[in-house]
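1. Just a sequence and a predicted model for now, questions to come.
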Amino acid sequence: MRVFILPLLFMSTALPVFSGECASLVPSVCAKTVDQPTPGRKVIKLKPSEAPYKVGDTFPVRTRSLLMDPARYNLKPSDGSWHYYAMGGVVYRVETLSGRVLELIRTPLTAHLR
């Protein structure tokens, strides 16, 4: 074990040390200097997108995935005459037989669905 550690110690002293703005060996990865910590926490805010389908439009149910667990997103369970589909941060309640959009649902819990 000591045989492997000793060469690593010598190699670490041979590497160049950059004392400039960045502590990385690759300057392109330095976004900020090491001395400046990021202030506060970062919050990602999603802009409400324009829904491509309105109430009454025909929704492309064959090309979109069915939302399988509506309780996870605080939505009421489907009774079979309609189902939920998600697209672009919007959940669509779609009638099963006709494929017509019955309701658009936007909540913070569903904003990440694509």
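-> Cool, got the structure. Residues are numbered from 1 along each chain as shown.

2. and after the lowest-mean-pLDDT helix or strand in the chain, which helix or strand comes next?
-> Sorting the helices and strands of the chain by mean pLDDT, DSSP states H and E puts helix 2-14 at the bottom, at a mean of 61. Counting by DSSP states H and E, the next helix or strand C-terminal to helix 2-14 is strand 82-87.

3. just checking, what packs against that next one?
-> strand 90-95 (3 or more C-beta pairs under 8 Å, 6 or more residues apart in numbering; DSSP states H and E). Every residue, glycine included, has its C-beta placed from N, CA and C.

4. Can you list the strands that the strand it packs on pairs with?
-> The strands that strand 90-95 pairs with in its sheet are strand 82-87 (antiparallel), strand 101-105 (antiparallel) (by DSSP bridges).

5. I'd like to know which of the ones you listed lies nearest to D57.
-> In terms of C-beta to C-beta, the element of the strands paired with strand 90-95 nearest to D57 is strand 101-105, at 5.2 Å.

6. Please identify the buried residues of that closest one?
-> Within strand 101-105, the residues scored as buried using 16 or more other C-beta atoms under 10 Å are V101, I105.

7. neighbouring contacts of it?
-> Residues outside strand 101-105 that contact it (C-beta atoms under 8 Å, 6 or more residues apart in numbering) are 51, 53-59, 75, 82, 84, 90-95.

8. ok, 7 Å please
-> Identification of contacts with strand 101-105 by C-beta atoms under 7 Å, 6 or more residues apart in numbering yields 51, 53-57, 59, 75, 82, 90-95.

9. Of those, grab the buried ones for ChimeraX.
-> Only the buried entries of those go into this ChimeraX selection, using 16+ other C-beta under 10 Å:
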select :51,53,59,75,82,90,91,92,93,94
